[in-house]
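Asks: Fold the following for me, if possible:
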Amino acid sequence: MTSKFFDYINLHKGEEKGEKVLENIVANIAFKGSNLWILACAIIIASIGLNVNSTAVVIGAMLISPLMGPIVGAGFALGTYNFLLLKISIKSLVVATIVSLVVSSVYFYLSPFKDVQSELLARTAPTIYDVLIAFFGGLVGVISITRVEKGNPIPGVAIATALMPPLCTAGYGLATFNFSYFLGAFYLYMINCFFICIATFLVIKYLKYPTATALDTKKEKRMRYGISLLILVLIIPSFYLAYNLFNEKKFTKTVEEFINTEFTARGVTVIYKKINYNTSPRKVELAFLDKKLSKENIEMYNRLLQEKGIDNVALTFKQDEQDIKSEIMKEINKQNSNLSEKDVIINDLKRELANYKVSEPGLVREIGVLFPSLEQVSLGKVERNLTDTTSQVDWVLMYKDSVVPINSEKIRITNWLKARLQVDTVLVVNTYQPAVYTKE
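Replies: Residues are numbered from 1 along each chain as shown. Sure thing, here's the model as predicted:
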């Protein structure tokens, strides 16, 4: 029973030859020529995606990125004590990182849109969950690389571990001189690189790949201590950030419930709300449409909020009419701005529609009275290309006349329509086609 269980989890089944694995890893390490161009293009694509807040574009850039190569190479080199390969991998990773930072910084510096989008913000505060994603993503990646049948998990690993977006966000931080964004994003990038590398190292050791250099017990122990120390150095801040994120979400949820219970549920209209967790004391600002609070009421609500388990918080109310009016005007202006953009689009569509709209509802009936032989009359407008760059919208009349299918009738209809519509050009088409008989 035990042997059958181990057969299910045995990584040696379907394993690729070590020489072939090494060959594939070495082939993807160097960042020269085409690889460097692909990396630069991927960085620009990812930067555009972050800039316009497009998740699909960012995912596409992650799929293009060749950054996984030197990271996996470094993990493989550590696992086999191949220090020459480790040196080449680290050098390639440093080159790729510098190129990525330079390209993304230049893009964001030149870009006219420098607003912080949610896709950017998501890469500025890594947590322990990012460590877990990088580690298990790295495990999937190296297991796939060491298989005879590679399968298709590598694209998924590239998306999950997300090496490109943090680098681009770090570039944004440099371009806008926002070093807190740079440090947070670059820390996330380091977490991803290091834990993909560690996952690769562990799998290579588990599979017992032959070592390139023989190490004595003392040196091997020193190397393991160094890796353990680096793991602690990178994990501890992520635990703190995860704990901080948990507290922030808990604080926001408690405040929202307090506002809903004490004010919204009691029919008070809240027209302004601002919750700031990252100040000391933490701030909650509210403004109501028509409710005024006394000093005693404000103190009471502050006590009630603190009784909810939130310390070091200041609950303030905007009650000055000018402040309230300014907030209302800001909201109205924001909505007017959105409406004005829609109005422009609607007006453009109306003008476009007016070019092709037939505003002569009784004209077809008049044609039926004046030219009774006409059948299947259709009236409309079409656009004709006069040259490569110019076009013209003309009236067109299509009809079927099997009784008088002669040119003089067509000329008479054309002249009448020009006078009736007061236009210079009218296209008149008789769709009647006489039957053609052939001898057998």
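Asks: Tell me the first helix or strand C-terminal of the top helix by length along the chain.
Replies: Longest among the helix segments of the chain by residue count, using DSSP state H, is helix 217-262. Tracing the chain past helix 217-262, the next element assigned as helix or strand by DSSP states H and E is strand 270-276.
Asks: where's that next one relative to the chain centroid, distance-wise?
Replies: Put simply, strand 270-276 sits 28 Å off its chain's centre (C-alpha atoms, centre = their mean, to the nearest Å).
Asks: what lines up beside that strand in the sheet?
Replies: strand 282-288 (antiparallel) (DSSP bridges).
Asks: List the buried residues of the helix or strand just after the strand it pairs with.
Replies: Counting by DSSP H and E, the next helix or strand C-terminal to strand 282-288 is helix 295-307. By neighbour count on 16 or more other C-beta atoms under 10 Å, the buried set for helix 295-307 is 301, 305. C-beta: built from backbone N, CA, C; applies to glycine.
Asks: same check, this time on stretch 281-290
Replies: 282, 284-288.
Asks: residue nearest the centroid of this structure?
Replies: Closest residue to the average C-alpha location of the chain: Thr55 at 1.9 Å, with C-alpha atoms, centre = their mean.
Asks: Run through who's touching stretch 107-115.
Replies: Where contact means C-beta atoms under 8 Å, 6 or more residues apart in numbering, the residues beyond stretch 107-115 that reach it are 43-44, 47-48, 51-52, 171-172, 175-176.
Asks: rewinding a little: pLDDT and distance to Phe258 for the buried residues of stretch 281-290 - can I get that in a markdown table?
Replies: What follows is the buried residues of stretch 281-290, written out as a markdown table (pLDDT from 0 to 100; distance: C-beta to C-beta, whole Å):
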| residue | pLDDT | distance to Phe258 |
| --- | --- | --- |
| Arg282 | 85 | 13 |
| Val284 | 86 | 8 |
| Glu285 | 85 | 14 |
| Leu286 | 85 | 10 |
| Ala287 | 83 | 16 |
| Phe288 | 81 | 15 |
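Asks: burial of Ala96, as a residue count?
Replies: Using other C-beta atoms under 10 Å, Ala96 has 24 neighbouring residues.
Asks: All further residue positions should be reported with the first residue as 45.
Replies: Done: numbering now begins at 45, and the last item shifts to Ala140.
Asks: what's the closest non-adjacent residue to it?
Replies: Leaving aside its chain neighbours, Ala140 sits nearest to Phe75 (4.9 Å; criterion: C-beta to C-beta, 6 or more residues apart in numbering).
Asks: ok so that neighbour is a strand residue?
Replies: No. With DSSP: H, G, I helix; E, B strand; the rest coil as the criterion, Phe75 is assigned coil and is not in a strand.
Asks: Near it, how many other residues are there?
Replies: 23.
Asks: what's the answer for Thr141, then?
Replies: Number of residues near Thr141 (other C-beta under 10 Å) recorded here: 20.
Asks: Which helix or strand contains it?
Replies: helix 127-154.
Asks: Tell me the helix or strand right after that helix.
Replies: Counting by DSSP H and E, what follows helix 127-154 is helix 162-165.
Asks: Enumerate every residue touching the residue nearest to the centre of the chain.
Replies: Residues near Thr99 by C-beta under 8 Å, 6+ apart: 93, 163.
Asks: Kindly report the same for Met106.
Replies: 86, 90, 202-203, 206-209.
Asks: now do 10 Å
Replies: Neighbour list for Met106: 86, 89-90, 93, 112, 199, 201-209 [criterion: C-beta atoms under 10 Å, 6 or more residues apart in numbering].
Asks: can you pull the pLDDT of it?
Replies: For Met106, the pLDDT comes out at 81.
Asks: Mind checking which of the contacts of stretch 151-159 are buried?
Replies: Using 16+ other C-beta under 10 Å as the threshold, 87-88, 91-92, 95, 215-216, 219 are the buried ones among the contacts of stretch 151-159.
Asks: Secondary structure and distance to Asn341 added to the residues you listed, as a markdown table?
Replies: As requested, the buried ones among the contacts of stretch 151-159 are arranged in a markdown table below (DSSP: H, G, I helix; E, B strand; the rest coil; distance: C-beta to C-beta, whole Å):
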| residue | secondary structure | distance to Asn341 |
| --- | --- | --- |
| Ile87 | helix | 55 |
| Ile88 | helix | 55 |
| Ser91 | helix | 50 |
| Ile92 | helix | 51 |
| Asn95 | helix | 46 |
| Gly215 | helix | 49 |
| Tyr216 | helix | 44 |
| Ala219 | helix | 47 |
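Asks: And the longest helix of the chain, what does it pack against?
Replies: helix 172-189, helix 223-250, strand 314-320, strand 326-332, helix 339-351, strand 357-361 (3 or more C-beta pairs under 10 Å, 6 or more residues apart in numbering; DSSP states H and E).
Asks: just so I know, which of these lies nearest Tyr443?
Replies: Among the helices and strands packed on helix 261-306, the nearest to Tyr443 by C-beta to C-beta is strand 314-320 (62.8 Å).
Asks: Buried ones in the closest one, by neighbour count?
Replies: 316, 319.
Asks: Now that strand: average pLDDT?
Replies: Mean pLDDT, strand 314-320: 82.
Asks: Repeat that for stretch 67-74.
Replies: Averaging pLDDT along stretch 67-74 gives 82.
Asks: buried sites along it?
Replies: Neighbour counts over stretch 67-74 (16+ other C-beta under 10 Å) mark 69-70, 72-74 as buried.
Asks: And stretch 420-436, by the same measure?
Replies: Those would be 421, 423, for stretch 420-436 by 16+ other C-beta under 10 Å.
Asks: Understood, closing this out.
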